[in-house]
Each structure stands twice: as structure tokens, then as C-alpha cells.
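Visitor: From the sequence below, what's the structure:
(one chain, ligands or ions: 1)
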Amino acid sequence: MNPLTDTPLDAAATIETRDLVILGSGCSGLTAAIYAGRSNLKPLVLEGHEPGGQLSITTLVENFPGWPEGIQGPELIENMKKQATRFGAELRMAHLTGADFSSRPIKLMVGKDIIHTRTLIIASGASARWLNLPSEQALIGHGVSSCATCDGFFFSGHEIAVIGGGDSAMEEALFLTRFATKVTLINRSENFRASKIMLDRAIAHPNIEFLPNTTVEEVIGVEEKEVKGLRVKNRTTGVETILKVSAMFLGIGHEPNAKAFKGIIDLDEDGYIVAKDDVYTTLNGQVVPGVFACGDIKDRRYRQAITAAGSGCMAALEVEKYLEEHGR
Ligand code: NDP
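Guide: Predicted structure coming up:
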């Protein structure tokens, strides 16, 4: 029987047993894997739907200590993977399809297979938010992007739109002025949520124009397979206009990848894991033994590669302590 669903197990299904499974292969999951690997825990890392996490869609990372000239995000992730596997971590391309934390060992469903594990580190991060317009989705990679550092260069000499009114949007807009002749910041609200310092910087920039109280109704260019402009609407007057731009960058925040854990551990109102003392997961305020969280899935505030890595280290050290206390 499948212990998660009480249905007969598929003949091809396997059951394996582990000391530690890590969900996610961004820099928090991989740092946890390096530490746990060095402790001889032979962690299994399930890479999930965004292998390498957000660093894998970034270009130059200039603020990760130890790289005075900076390092490309994908290269940093590749290095971390090599480091983790050198110490015995196993990386597997697989998606979690179910989990049961109600008994020990913890049970994870991966496709039709089941993994029993004594401990779990959830490091599945947060993904960029999209407007979810069909035309936007059709043009991702063809002028629609959620990563200014990755794709800004391709629009050198063009006019660009950035969506959002928070610090991410300000940061993207300011960054994109290195390439674009003009950046239009489109915010659905009249007021901008960004911190004063970031907002002031953007306002002071001669190549940034603000379009508040405006929504994007359509990204134009689906047939041509490249962004030709945006159909935008003023929320007060309802008047629609066409804004000619060659690219649209989303800066509207992130979505934590924690939906699979709804109801089995505590999530906050935005779906981030509530991590007690930074690493322990809880259910109704009580610690869930052996299940830890690290990185952006529980961090809406700092969201940096180095803080995610530090948090992965903390989670791995807690796993070691937990397993020692529970007789490993
Ligand atoms: P925020 O949640 O602060 O802002 C999101 C913005 O996107 C808001 O303007 C919001 O509009 C808008 N938005 C959300 N959903 C949609 C939608 N579906 N359609 C249109 N607009 C939408 O997210 P950020 O990523 O900007 O920031 C998150 C945290 O990270 C903050 O604490 C921020 O300070 C921090 N940060 C700090 C940086 C720095 O200091 N350098 C850089 C980047 C982030 P509305 O206001 O109408 O809801």
C-alpha cells in the first residue's frame, strides 16, 4: 500500500530509506548538502522544478564573499553542486508529489516512489511572480523576463517597462538604465511600496518615467514572437493606451514554493514557512520534529545568496544535532 494515500503501490514503485532528504538545489539546499555530506549523512537532494534556484537564472554575482571579481550565478551553483557531491550528496531530478509528517520516519512521495527519511530540510525557495496574462506567458524569454540582471543586456538601446512599485522594481529599473534608453515603471497602485531611498533614486534618474495607477492588460507581439509594446489601462479613468517598449521586466515580488506543505506545517499569510528560531518548522505552533526549513522559503526579508547559504548551514547543523539526539 502507498502509505500516503492508502492505495496499492504501483508494481514499479520503490521505497528507499534515508537519514536526510533536502528539497531544493539553490544555494541554501546545496550549502545544507555540503555540511550534511561532510557529516557523512549522504543527503539526497531533490532538485525540484527550478534546479539551482534563482542563482541559476542570474548573471554576475558580485556580493558573494570570496569572489572579489564576482562570479556568474550558474557557475557558483555548479561549484556548490560539485562540492556537495564530493562529500557524498546525491542530486536527483525529482518533484515532491506528497508528504506525510504525522509519523516517523517522514514519508515523501516522489512520483510513484516513496522515500522514508529520518529528517527533511525544506529549501525549495521562492519563485518570481508573474501577471499571468496569456500574452505575458507566451512571451517569456522573448522580451518578458523576471530577471533584469540576466536579460537586461539584450535590450541595450531600447525602451523597456518594469512592473511593480516595491524595492525589487526600483532596483530592476535602476539597473536597466545601464542598457535602456528609457525605463517606464508601471505600478498598479497610486503609491509606491518601495523604501524612500530606492524610490528617491529612481525618481531622480532622468531615464526613468513613472506610470502609477496603471495595469498591464496585454503584452503585444505574440504573433511576432517578440515584445512590441504593452496595452495599459489607467485604473481611474479606464482609458487604455499602447506603450511602445521592447521588453517587460517583472518586479512584483516572489511566491514561496511551499504549497505542498499547506496544512502539515505552519505557513504565514503569504505562504512562507514560519520558521521558529530560523530553522524549525511548526504545526499549530508546535515544532515538527526532524523537519527544518532554510533559505528564501522562510525568508521574505533578506533573500540574498549569502543569507540563504548561511541558513542552509544552520539547518544542516540542526539535522546533525537531531539525529545524534535520536540515536544515530
Ligand atoms: P513587494 O511585495 O515589496 O512589492 C511588490 C510590488 O509588486 C508592489 O508594488 C505590488 O503592488 C506589486 N504587485 C504585486 N502583485 C502584483 C500584480 N499581480 N500585478 C501588478 N503589481 C503587483 O516585493 P519586492 O520584491 O519589491 O520586495 C520584497 C522585500 O524585499 C521587501 O521587503 C523589500 O524591501 C526587499 N528588497 C530589498 C531590496 C534592497 O534593499 N536593495 C531589493 C529588493 C527587495 P501593490 O503595492 O499594489 O500591492
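Visitor: Roughly how far does the closest residue to the ligand within the stretch 101-250 of the chain sit from residue 260?
Guide: Residue nearest to the ligand within the stretch 101-250 of the chain: residue 166 (2.4 Å; C-beta to the nearest ligand atom). C-beta here means a position set from N, CA and C on the backbone, and glycine is covered the same way. Per C-beta to C-beta, to the nearest Å, residue 166 is found 26 Å from residue 260.
Visitor: Could you do residue 216 as well?
Guide: Going from residue 216 to residue 260 by C-beta to C-beta gives 30 Å.
Visitor: what about the two, which has more around it?
Guide: Neighbours were counted for residue 216 and for residue 260 using other C-beta atoms under 10 Å; residue 216 has more, 21 against 17.
Visitor: quick revisit: in contact with the residue of the stretch 101-250 of the chain closest to the ligand, which residues?
Guide: 192-194, 251-253 (C-beta atoms under 8 Å, 6 or more residues apart in numbering).
Visitor: same check, this time on residue 192
Guide: 165-166, 170, 199, 212.
Visitor: Same list, the residues you listed, but as JSON lines with secondary structure please.
Guide: Shown next, in JSON lines, are these (DSSP: H, G, I helix; E, B strand; the rest coil):
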{"residue": "165", "secondary structure": "coil"}
{"residue": "166", "secondary structure": "coil"}
{"residue": "170", "secondary structure": "helix"}
{"residue": "199", "secondary structure": "helix"}
{"residue": "212", "secondary structure": "coil"}
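Visitor: which bits of the protein sit near the ligand?
Guide: 129, 131, 163-169, 171, 187-189, 193, 195, 252-253, 301, 303 (C-beta under 6 Å from any ligand atom).
Visitor: Mark which of those are part of strands, please.
Guide: Of those, the ones assigned to strands by DSSP state E are residue 163.
Visitor: and the residues of the chain next to the ligand, which are buried?
Guide: 129, 131, 163-169, 171, 187-188, 252-253 (16 or more other C-beta atoms under 10 Å).
Visitor: Among those, name the ones in helices.
Guide: Mapping these onto helices (DSSP state H) picks out 167-169, 171.
Visitor: Return the member of those nearest to residue 119.
Guide: Proximity of those to residue 119 (C-beta to C-beta) peaks at residue 168, which lies at 33.2 Å.
Visitor: What residues does that closest one make contact with?
Guide: Applying C-beta under 8 Å, 6+ apart, we find residue 168 in contact with 251-253.
Visitor: hang on, isn't residue 285 packed against residue 265?
Guide: No: with contact defined as C-beta atoms under 8 Å, residue 285 does not count as touching residue 265 (11.0 Å).
Visitor: where in the stretch 51-200 of the chain is pLDDT low?
Guide: 57-60 (pLDDT under 70).
Visitor: ok, which stretches of it are strands?
Guide: 60-61, 71-72, 90-92, 96-100, 106-110, 113-122, 126-128, 144-145, 159-163, 182-186 (DSSP state E, counting those that start in this stretch).
Visitor: just those: most buried one?
Guide: strand 159-163 (a mean of 27; mean count of other C-beta atoms under 10 Å).
Visitor: Now do the phi/psi pair for residue 33.
Guide: phi -70, psi -40 (degrees, to the nearest 10).
Visitor: which residues touch it?
Guide: 22, 25, 43, 45, 84, 87, 89, 91, 312, 316.
Visitor: And the pLDDT for it?
Guide: At residue 33, the predicted lDDT confidence score is 98.
Visitor: next one: residue 9
Guide: 52.
Visitor: what residue of the chain is the furthest out?
Guide: residue 237 (35.8 Å; C-alpha atoms, centre = their mean).
Visitor: Please report the distance of that one from residue 150.
Guide: 35 Å.
Visitor: ditto for residue 130
Guide: To residue 150, residue 130 is 15 Å away according to C-beta to C-beta.
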